[in-house]
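Asks: Below is the sequence, then the predicted model.
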Amino acid sequence: MFEFGLKTLFLIWVVSSIQLTVSQIDGGLDPAIVPILTQYVYNNISKMTLSIFTDQLQNKSSFCIQNINDDWNQAFNFSNLDFVSECLLKYNDLPRRLCTVAEAEFYFSSLYGWDGSTSYLNPNRNCNLTTWLSGCEPGWACGLDMDQQNVDLKESKAIPSRTADCQPCCEGFFCPHGITCMIPCPLGSYCPLATLNQSTGVCEPYTYQIPPGRPNHTCGGANIWADVITSREIFCPAGSYCPTTTEESACSSGHYCRLGSTSEKGCFKLASCNPNTTNQNIHAYGVMLMVGLSTLLLIMYNCSDQVLTIRERRQAKSRDAAAKSARETVKAHERWKLAKDAAMKHATGLQVQLSRTFSRKKYARDAEKVKILEEDLYKIDDHMLEMQPSTSTKSLPSFVTSKGKNEPEDLKKVEHEIEEDPGSDENVHVEMKDKKVKKHKPKGKKINTDSQIFEYAYAQIEKEKAIQQQNKNLTFSGVIAMATNPELKRRPTIEVAFKDLTLTLKGKNKHLLRCVTGKIVPGRVTSVMGPSGAGKTTFLSALAGKATGCTRSGMILVNGKNESIHSYKKIIGFVPQDDIVHGNLTVEENLWFSARCRLSAALPKADKVLIVERVIESLGLQGVRSSLVGTVEKRGISGGQRKRVNVGLEMVMEPSLLILDEPTSGLDSSSSQLLLRALRREALEGVNVCMVVHQPSYTLFKMFDDLILLAKGGLTVYHGPVKKVEEYFGGLGITVPDRVNPPDYFIDILERMVKPSTSSTISCKELPVRWMLHNGYPVPPDMHEEARIAMRGHASPYISPANSTAMEEMSFAGELWQDVCYNVEMHRDKLQHNFLRSKDLSNRRTPIFLNQYKYFLGRVGKQRLRESRIQAVDYLILLLAGACLGSIAKVSDESFGAPGYTYTIIAYWRESASGMSSLACFLAKDTIDHFNTVIKPLVYLSMFYFFNNPRSTFQDNYIVLLCLVYCVTGIAYLLAISLQPGPAQLSSVLLPVVLTLVATQQNNTKILTSIAKYCYPKMALEAFVISNAERYYGVWLITRCGALYSWNYNINDWDNCIIGLIVTGLIFRVIAYICLLTFQRK
């Protein structure tokens, strides 16, 4: 015991002085003190390796070291030190054989830029051309020279002289080729002593050979620790795990062991893991997740569509019940009215009879009885009126709402106003209202529910129908008298006057309109007619302020003031030639959406419903109100109905100025008349209606109030009432033949298809000049000759001074330059027009941004739900793509799965960009698309991840793919808005391939490197690789650093990559929104 205590004290002194020499432990080690020496040696190893991590790798390898302490613990924090103890028993001078920091740094520094073509290090103090010891060979090491007693392993400046007693390397250590010291193998490696293969001469399991000419030289230990490709032999084999660097154990059943594992990992319950399994098969989880997602999406789409269907069905039931109730109420009211009229007629006759036979006193008594009878009848009638869901009696005629004995007088007064007029409008819908009647809400009721709202709306509509039926026998003057009733609901009026309006294409001196003078007034329907090329659409565009690429001269006055028409855009409706309806919404949904977004925010919902129902009724769309409008792929309503819906979108916002470009094109005669009746009803409320019409029938032509007839070149031929057009042309000697439609005849003359009648001596060229002379307008200089011919025998008109400048013929270069200037000017005008902001003078406050966002959100949501089949196909494609890429692009430990993720980045793009539709509300559509942004990565990863099974977690892959989808969706928005569908889809295929090639090339030029730095494929691929690289540690540390170094990635940039993808998506969304405003894409 005393002797053991002395030895223990001696060793403690040795450890405290950190000096251990061969002489002090000569003669072998006592097994009792081996654990103490082992701990001492390990402490020195820890200090040496930790010094390398903190002092050396922190500067040079910070791009691949995320946390120094964690990476050191995962590489050199050995829990089992048996390999050190065994090496101590084998070599008493083990601390003198361990590499110092300088030698370790020399070895690891040589790995930077090493291509693996050589198996030795650069010459150094101990191994060079003049001195090459046995310890310089792979798997061997030497001790310090005898003259070097004390060596600090943390020495980082000079390599010590190490030439004594060269011996094979111990198990658990590796001895590189070219230095004479030992370095501990990291965790996850297997470093046993090598055995010589007699047939090949290779020291297995390593790849080096015994040097020739040295018979006493044997195989040593491990010789290298580098990347997995160069030093795969020291990595713990796949299917086995190595708890220490000298022990290998086979993976048991129910577990799997990847290459370089230190422990076996348990397989999931449904995964199949046999003994020596390299990776678990988790395809079952992918199939389960796929089935679960498919079921969930199927339920959501079916239930959502079912909810929409049930909701529409309930609304239709409530609407039909309200319409039926309103019709029955009106019929009951009519019966009571007839009974009242009969009783009053009888009372009036009785009154007259009594006045002839009895005295004045008796007459007065009987008259009082008659008056009481009348009051009782009115009480009954008032009670019937209160039963109706109406807010006012403004729609009743004056002879219905008047009381007492004045009623016959009022009726006679109305009858006296009626006069015979063959041109009376029989089908005009007029609202009448007694001045003495005040608005009142239904007593004891609040209009809140859908049923009450529909009852109110249909009651009003039925009243209007009844009044329209009563007004059929009224003459035109009587209708006008009622329409001008000051108590009738009137809209703000807009009168547009234009004087000498001329539009000229910029840079081409081509006139689209010339010297157009006149005005369109509220309460009248004006038609614009003329042959092709007469500038009809250009004229409407000029009135609406939409003409671009032209130089305008002349004046356009709004309500007599020189103000921009854009100041009244909230109360101006413009119906273009092309349909602007949404095909995957119903007729009612299209109209209701337009009404909610464009009517006044202060207008109650009941009144909005009334307006929509009135438009549906007037346009004859009751039968298709619940039908989808239809698209190119899916048929919906007919073309004529679609055209009427197109007009209805502007009618429901109750405009003061309604401009329509060929609204009757494609409609039959009855549909055209139905549409024009609806427009005439709008005109009677003070709306200024102006429309382009092609070849109207005679009946339709007579329904217009005014006519603007244009000739080719944009010259006015006639502008005035429709009733006087034949009279005017008759004065010029142009008479319409019998059974010929006047507008067709006039247009044929302007087209020079028909010559004027033989009694006329003028040609079609003179007609614009004749109109100028007729109204005293100035004549342009180039029309002087026609003016002189036309003014023979007339007073000399005003003729503009002639312009002596002659048009010179331009060269090819001059024409080319002119076209370039024209295109530039046209695009500049479009930009100015799209970003034009004018003062709002409409006095209408539409819903605020949040409400409009809510309306757009609901509309886009319905559209997406009705595209469930397309969505299902998209998900199916993603599932197949995930399964294929997950099976083909298996995860590679050498590249951390980078190729598989490269295919993912390329494959995912097309789905996001192909077939992108135009954006009606950018933010709402983007919000709805977030559903796909969230779900589609799950669908894709449910197959890719569970077929590929990378080391990174499912959550990390999902986050990266989610941000990637968000990014490419923003780029897809830009392509879809700025390009046509064909080029956009082609770009969606080429752009990701090109950018991915640029981002993955390692030998790029400076320009390409700069581009690759900000490419979204580079950020996404780096995030994917980092997610995997973080799970490679221990023996994988050099492989991780080498891979990240070659790709120029940084393991600390995962957050930056995620933020970069999100910011890129936001930037492209902003650019796409600007392009949306700039290009005005539909």
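Replies: Ah, there it is.
Asks: Residue 514 sits in which helix or strand?
Replies: For residue 514, the host element (DSSP states H and E) is strand 511-520.
Asks: and that strand, C-alpha only, in PDB?
Replies: Extracted in PDB, the C-alpha atoms of strand 511-520 (Å, rounded to 0.1, in the frame of the first residue of the first chain):
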ATOM      1  CA  HIS A 511     -56.200  62.000 -88.600                       C
ATOM      2  CA  LEU A 512     -58.400  59.700 -86.700                       C
ATOM      3  CA  LEU A 513     -61.000  62.400 -85.900                       C
ATOM      4  CA  ARG A 514     -61.400  65.800 -87.500                       C
ATOM      5  CA  CYS A 515     -63.300  68.800 -86.500                       C
ATOM      6  CA  VAL A 516     -66.000  67.000 -84.600                       C
ATOM      7  CA  THR A 517     -68.300  69.500 -82.800                       C
ATOM      8  CA  GLY A 518     -71.400  68.900 -80.800                       C
ATOM      9  CA  LYS A 519     -72.500  67.600 -77.500                       C
ATOM     10  CA  ILE A 520     -74.200  64.600 -75.800                       C
END
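Asks: Mind checking what helix or strand follows that strand in sequence?
Replies: Later in the chain than strand 511-520, the nearest helix or strand by DSSP H and E is strand 525-529.
Asks: Tell me the helices and strands packed up against the following helix or strand past that next one.
Replies: Going down the chain from strand 525-529, the next helix or strand is helix 536-544, by DSSP H and E. Where contact means 3 or more C-beta pairs under 8 Å, 6 or more residues apart in numbering; DSSP states H and E, helix 536-544 is packed against strand 496-505, strand 511-520, strand 525-529, strand 550-558, strand 572-575, strand 657-661, strand 688-692, strand 706-711. For the C-beta atoms, the positions are set from N, CA and C on the backbone; glycine is no exception.
Asks: Include mean neighbour count when you put those strands into JSON lines, please.
Replies: Converted to JSON lines, the helices and strands packed on helix 536-544 look like this (neighbours: other C-beta atoms under 10 Å):
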{"stretch": "strand 496-505", "mean neighbour count": "18"}
{"stretch": "strand 511-520", "mean neighbour count": "21"}
{"stretch": "strand 525-529", "mean neighbour count": "24"}
{"stretch": "strand 550-558", "mean neighbour count": "16"}
{"stretch": "strand 572-575", "mean neighbour count": "22"}
{"stretch": "strand 657-661", "mean neighbour count": "25"}
{"stretch": "strand 688-692", "mean neighbour count": "24"}
{"stretch": "strand 706-711", "mean neighbour count": "24"}
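Asks: Redo the ones you listed as CSV? Include distance to residue 132 and mean pLDDT.
Replies: Formatted as CSV, the helices and strands packed on helix 536-544 follow (distance: least, C-beta to C-beta, whole Å; pLDDT from 0 to 100):
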stretch, distance to residue 132, mean pLDDT
strand 496-505, 89, 88
strand 511-520, 94, 88
strand 525-529, 102, 93
strand 550-558, 90, 85
strand 572-575, 92, 88
strand 657-661, 94, 91
strand 688-692, 99, 93
strand 706-711, 103, 92
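Asks: Out of the ones you listed, the one nearest residue 1075 is which?
Replies: For residue 1075, the closest of the helices and strands packed on helix 536-544 is strand 572-575, at 22.4 Å, according to C-beta to C-beta.
Asks: ok, and what's touching the following helix or strand past that closest one?
Replies: Sequence-wise, the next helix or strand downstream of strand 572-575 (DSSP H and E) is helix 587-598. Residues outside helix 587-598 that contact it (C-beta atoms under 8 Å, 6 or more residues apart in numbering) are 570, 581-582, 585, 608, 611-612, 615-616, 621, 624-627, 629, 637, 641, 645, 648-650, 652-653, 846-847, 852, 855-856, 859, 862.
Asks: Just the residues contacting stretch 954-964, thanks.
Replies: 904-905, 908, 933-934, 937-938, 940-941, 945, 950, 1016, 1020, 1023-1024, 1027, 1057-1058, 1061-1062, 1065.
Asks: Same question for stretch 624-637.
Replies: 312, 316, 581-588, 590, 616, 641-642, 645, 866.
Asks: Which other helices and strands does the strand holding residue 514 contact?
Replies: Using 3+ C-beta pairs under 8 Å, 6+ apart, strand 511-520 sits against strand 496-505, helix 536-544, strand 550-558, strand 706-711, strand 715-721.
Asks: got the angle between it and strand 496-505?
Replies: Using axes from the mean of the first three to the mean of the last three C-alpha atoms, to 10 degrees, one finds that strand 511-520 and strand 496-505 are set 180 degrees apart in direction.
Asks: what's the offset of strand 511-520 from the middle of its chain?
Replies: 41 Å (C-alpha atoms, centre = their mean, to the nearest Å).
Asks: Any chance you could list what contacts it?
Replies: So strand 511-520 is contacted by 495-505, 526, 535, 538-539, 542-543, 550, 554, 688, 690, 706, 708, 710, 713-716, 719, 772, 775, 777-778, 780 (C-beta under 8 Å, 6+ apart).
Asks: Apply 6 Å and report the result again.
Replies: With C-beta atoms under 6 Å, 6 or more residues apart in numbering as the test, strand 511-520 has contacts from 496-497, 499-504, 526, 535, 538-539, 688, 690, 713-716, 719, 777.
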